[in-house]
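next one to model:
(2 chains)
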Amino acid sequence: GDSVTQMEGPVTLSEEAFLTINCTYTATGYPSLFWYVQYPGEGLQLLLKATKADDKGSNKGFEATYRKETTSFHLEKGSVQVSDSAVYFCAPRTYGNNRLAFGKGNQVVVIP
Amino acid sequence: EPEVTQTPSHQVTQMGQEVILRCVPISNHLYFYWYRQILGQKVEFLVSFYNNEISEKSEIFDDQFSVERPDGSNFTLKIRSTKLEDSAMYFCASSRPGQETQYFGPGTRLLVL
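Below you'll find the model as predicted:
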């Protein structure tokens, strides 16, 4: 089945720093790729998505590009804010399947 | 903006008891899902539901689990005889036909003692 590898461990960085969270996936066929975010005490919210190779998803200053050749969908933001502190989940979804295959998530802590 | 809602937000139960977790999906959505997240672990798919039947389920979704859409708005997850390892955050999600994006509720935190 589909699976995701996200980089280990929480990420702590200062406000206005550059953020990268790596995500690589294993899936049959050509999955759609999603990043979800979970703010403290809240549920999962869709952050961005990409449905085919070389597509770039973007939202709230975050971007991720669907790289079929490296099976990756790394999340980036050029200048983080304290309000970006959350847990970020990468999730592929193979066409024809219903399930999202979430990674373990990355805790991001932005300090002022 | 429409949201998926879940009740209760927290539930504490004794091992062996039955629990029912409730969800109200977004009104024009037809696909419904349950996921769970054990503390410190990844979010895991349990089941998807469409047209009044299960369309896909994971190996976690054994005979102890069942889902139901008892009326036009609610979608429930029942655990017949809870075990300690069922303690987790349970998320409901829904999606529209032809749309891949799944919209999640805030979750129900279940604690089995």
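
got the contact list for residue 79?
In the absence of a named chain, this looks at chain A. Taking C-beta atoms under 8 Å, 6 or more residues apart in numbering or on different chains as the contact definition, A:Ser79 lies against A:Glu16, A:Ala17, A:Phe18, A:Gly61. The way it works is simple: take the backbone N, C-alpha and C, and place the C-beta from them, glycine included.

that answer is for a different chain, and I need it for chain B
By C-beta under 8 Å, 6+ apart, the contact list for B:Ile79 reads B:Glu18, B:Val19, B:Leu21, B:Gln64, B:Phe65, B:Asp86, B:Leu110.

after the host helix or strand of the third one comes which helix or strand?
I take that to be B:Leu21. Secondary structure assignment for B:Leu21, by DSSP states H and E: strand B:19-24. From strand B:19-24 onward toward the C-terminus, using DSSP H and E, the following helix or strand is strand B:31-37.

who touches the helix or strand that that following strand is followed by?
Later in the chain than strand B:31-37, the nearest helix or strand by DSSP H and E is strand B:43-50. Applying C-beta under 8 Å, 6+ apart, the external contacts of strand B:43-50 come out as A:44, A:89, A:91, A:98-102, A:105, B:30-38, B:54-58, B:60-61, B:65, B:67, B:69, B:75, B:77, B:91.

need the mean per-residue confidence for strand B:43-50.
The average pLDDT within strand B:43-50 is 94.

not counting its neighbours along the chain, what's nearest B:Pro97?
B:Leu30 (5.4 Å; C-beta to C-beta, 6 or more residues apart in numbering or on different chains).

ditto for B:Glu68
Nearest to B:Glu68 is B:Thr76, by C-beta to C-beta, 6+ apart, at 5.1 Å.

in the helix or strand the one you found falls within, which residues are buried?
B:Thr76 belongs to strand B:75-79 when assigned by DSSP H and E. Judged by neighbour count using 16 or more other C-beta atoms under 10 Å in any protein chain shown, the buried positions of strand B:75-79 are B:Phe75, B:Thr76, B:Leu77, B:Ile79.

bridged to the residue most central in space within chain B, which residues?
Nearest to the geometric centre of chain B sits B:Trp34, at 3.4 Å (C-alpha atoms, centre = their mean). When bridges are taken as DSSP bridges, the partners of B:Trp34 come out as B:Val47, B:Cys92.

what residues does chain B have near chain A?
Taking C-beta under 8 Å from any C-beta of the partner chain as the contact definition, chain B meets chain A at B:4, B:31, B:33, B:35, B:41-45, B:48, B:50, B:55-56, B:58, B:91, B:93, B:100-107.

can you pull the contacts of the closest residue to B:Leu110 other than its chain neighbours?
Residue nearest to B:Leu110 in three dimensions, not counting chain neighbours: B:Gln11, with 5.1 Å by C-beta to C-beta, 6+ apart. By C-beta under 8 Å, 6+ apart, the contact list for B:Gln11 reads B:Val19, B:Leu21, B:Thr108, B:Arg109, B:Leu110, B:Leu111.

for chain A, which segments count as strands?
Residue ranges of the strands in chain A, as given by DSSP state E, are A:3-6, A:11-14, A:19-21, A:23-26, A:32-38, A:44-50, A:56-59, A:62-65, A:75-77, A:86-93, A:106-111.

what's the local residue count around B:Leu39?
9 (other C-beta atoms under 10 Å in any protein chain shown).

CA atoms of stretch A:2-16 as CSV?
What follows is the C-alpha trace of stretch A:2-16 in CSV, where atoms were taken according to Å, rounded to 0.1, in the frame of the first residue of the first chain:
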residue,chain,number,x,y,z
ASP,A,2,0.9,3.6,-0.1
SER,A,3,3.4,4.9,2.5
VAL,A,4,5.1,8.1,3.4
THR,A,5,8.4,9.0,5.0
GLN,A,6,8.8,12.3,6.8
MET,A,7,11.9,13.6,8.3
GLU,A,8,12.5,12.6,11.9
GLY,A,9,12.0,14.8,14.9
PRO,A,10,10.5,18.2,15.7
VAL,A,11,11.7,21.3,13.9
THR,A,12,12.4,24.4,16.0
LEU,A,13,13.2,27.6,14.2
SER,A,14,13.1,31.4,14.7
GLU,A,15,10.5,33.7,13.2
GLU,A,16,11.3,34.7,9.6
